[in-house]
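> Predicted model and sequence follow; I will ask about them next.
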Amino acid sequence: MSAPTVDATAAANAVNALRFTTAIRERAAALLARARAGESTHFTVDDAALRSAARTVAELTRQRFPDLRIPYHSRWRHFEAGHVNRVARLDALLGPVDAAERARTQIDLALVSVLLDAGAGADWGYREADSKQTFSRSEGLGVASFHAFTAGLFSSDPAQPLRVDAAGLAALTAERLGEAFQVSERNPLVGLEGRTVVLRRLGLAMREHADTYGPLGRPGALFDALGRGPTLEAHDILGALLATLSGIWPAHNAIGGIALGDCWPHPAVQGEGLTAGWMPFHKLSQWLTYSLLEPFEWAGVRVQGLDALTGLPEYRNGGLLIDAGVLHPLPADHAKRTWQAGDAFIVEWRALTVALLDELAPLVRAELGLSAANMPLACVLEGGTWAAGRLLALRLRGGLPPLNIASDGTVF
């Protein structure tokens, strides 16, 4: 029996509706209300623990940033790992270029680096030749991708190594990426093949959207597409990324043949028409948006509406909420099972994370005596929730997250 035909216009409208962060927040809040009402089979919520979690986040924020000048949660923080100023290194390699070209190069670097920033696994590390330091996890992936970029791995033109272009990505293989990331049997990287597939799909997507990415298929062309005015809305960056790059994700979630990206079914999620039952997150796209704020701002474009973006539903922020006792998983074997990204339990965990981060943020600001203008959500995450999640995981399990999720190197 054939599947029912989906009206193309209705499908396009549904997909577009699921690309707005308002849809993420509304659906996440509804799942949180349901869990608080005792209707969830996956989690209960301890609201008393939320204030304690806020104090933990605030205390760590003060330790990390005593002057409370908190930067954005972005990939650029990982480029600072080991107290090495790699942005200055990139500037030196670029030489005397104008602000627009510097921004294009920074966007090129940030975009491929973020797409490579899914969980590396506990056994992988990267030794930086210059600093003689070894980095693991997100910092290691950031440093490794920085050096892969500056070595010209993602460029098709040896004379222009500090560039990402579609032809360079088309030529990328898992072997070449693995070599750049020092992968071996003794130094395994989770999801190497998946990361390679995503980058190759990025090249194809940029070719398909030449009106945004130019004839070369270059991520940095986003600056020309979006950065023409003195101001820019953060959600406009996200919207451009979702409109052009949603098809790169290997997940088979789709409506009417249109790829949804990081958007997953959950039986309790309500919505109109074809959007019913879908819980959107767009975590890596939002992480990328956070990581593009600075290249635009460094080039003189003021980015507004930062809090239109949501908190990032990944295993550090979500792990914080479990380890701080805010979320209590109901399955008795939750810590022993290997979960899939599409399991309703994981989808709900991520949704509750988004909704609770919105509630946690004002509590953290109150602890620190800061306003939302002085400490947008991007700074709460950096201060912050992500670091606190990592700290609690280190104390409780040597750094491992509270849940074991099978990763293909694209969602987590």
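Structure's in. What do you need? Numbering: from 1, shown residues only.

> Low-confidence stretches in this protein?
1-4, 250-251, 407-412 (pLDDT under 70).

> All the strands of the stretch 101-250 of the chain, in order from the start?
Taking DSSP state E, counting those that start in this stretch as the test, the strands found in the stretch 101-250 of the chain are 125-127, 134-136, 231-233.

> what's the answer for the stretch 251-400 of the chain, then?
Under DSSP E, counting those that start in this stretch, the stretch 251-400 of the chain gives strands at 254-255, 258-259, 263-265, 278-280, 302-304, 327-329, 338-339.

> I'd like to know which elements the fourth one is packed against.
In other words, strand 278-280. Judged by 3 or more Cβ pairs under 8 Å, 6 or more residues apart in numbering; DSSP states H and E, strand 278-280 is in contact with helix 21-36, strand 263-265, helix 344-368. C-beta coordinates here come from the backbone N, C-alpha and C atoms, glycine included.

> One more pass at 7 Å, please.
helix 21-36, strand 263-265 (3 or more Cβ pairs under 7 Å, 6 or more residues apart in numbering; DSSP states H and E).

> Also the last one?
Helices and strands touching strand 338-339, by 3+ Cβ pairs under 7 Å, 6+ apart, are strand 404-405.

> Which residues does the strand it packs on contact?
315, 337-339, 341, 346, 412 (Cβ atoms under 7 Å, 6 or more residues apart in numbering).

> Among those, the buried ones, what's the ChimeraX command?
Listed next is the ChimeraX selection for buried residues among the contacts of strand 404-405, using 16 or more other Cβ atoms under 10 Å:
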select :315,339,341,346,412
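
> Residue 365: which of the contacts of strand 404-405 is nearest?
For these, the residue nearest residue 365 by Cβ to Cβ is residue 315; the value is 24.2 Å.

> For that closest one, which non-adjacent residue is spatially closest?
residue 401 (3.9 Å; Cβ to Cβ, 6 or more residues apart in numbering).

> from what I can see the one you found touches residue 319, true?
Yes. Residue 401 is within contact range of residue 319, at 4.8 Å (criterion: Cβ atoms under 7 Å).

> what is in contact with the two at once?
With Cβ under 7 Å, 6+ apart, residue 401 and residue 319 have common neighbours residue 393.

> neighbour count winner among these two?
More crowded of residue 401 and residue 319, by other Cβ atoms under 10 Å: residue 319, with 26 against 21.

> In this structure the more buried one contacts residue 402, no?
Yes. Residue 319 lies in contact with residue 402 (Cβ under 7 Å); the separation is 5.1 Å.

> just to revisit the earlier point, export the strands of the stretch 101-250 of the chain to a markdown table and tack on mean neighbour count and distance to residue 262?
Listed next are the strands of the stretch 101-250 of the chain as a markdown table, based on neighbours: other Cβ atoms under 10 Å; distance: least, Cβ to Cβ, whole Å:
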| stretch | mean neighbour count | distance to residue 262 |
| --- | --- | --- |
| strand 125-127 | 19 | 26 |
| strand 134-136 | 17 | 24 |
| strand 231-233 | 15 | 21 |
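
> and residue 24, which of those strands is closest to it?
strand 231-233 (16.4 Å).

> Can you list the strands that the closest one pairs with?
strand 302-304 (parallel) (DSSP bridges).

> what sits up against the partner strand?
Contacts for strand 302-304 (Cβ under 7 Å, 6+ apart): 230-234, 293, 296-297.

> Can you give me the buried ones in it?
The neighbour-count check on strand 302-304 (16+ other Cβ under 10 Å) flags residue 303 as buried.

> Could you do stretch 325-332 as well?
Buried, per 16+ other Cβ under 10 Å, within stretch 325-332: 326-327, 329.

> Closest to residue 178 out of those?
For these, the nearest to residue 178 is residue 329 (34.7 Å; Cβ to Cβ).

> Phi first, then psi, for the residue lying closest to that closest one once chain neighbours are set aside.
Spatial nearest neighbour of residue 329, chain neighbours left out: residue 43 (6.0 Å); criterion: Cβ to Cβ, 6+ apart. When quoted as degrees, to the nearest 10, the phi and psi of residue 43 stand at phi -140, psi 150.
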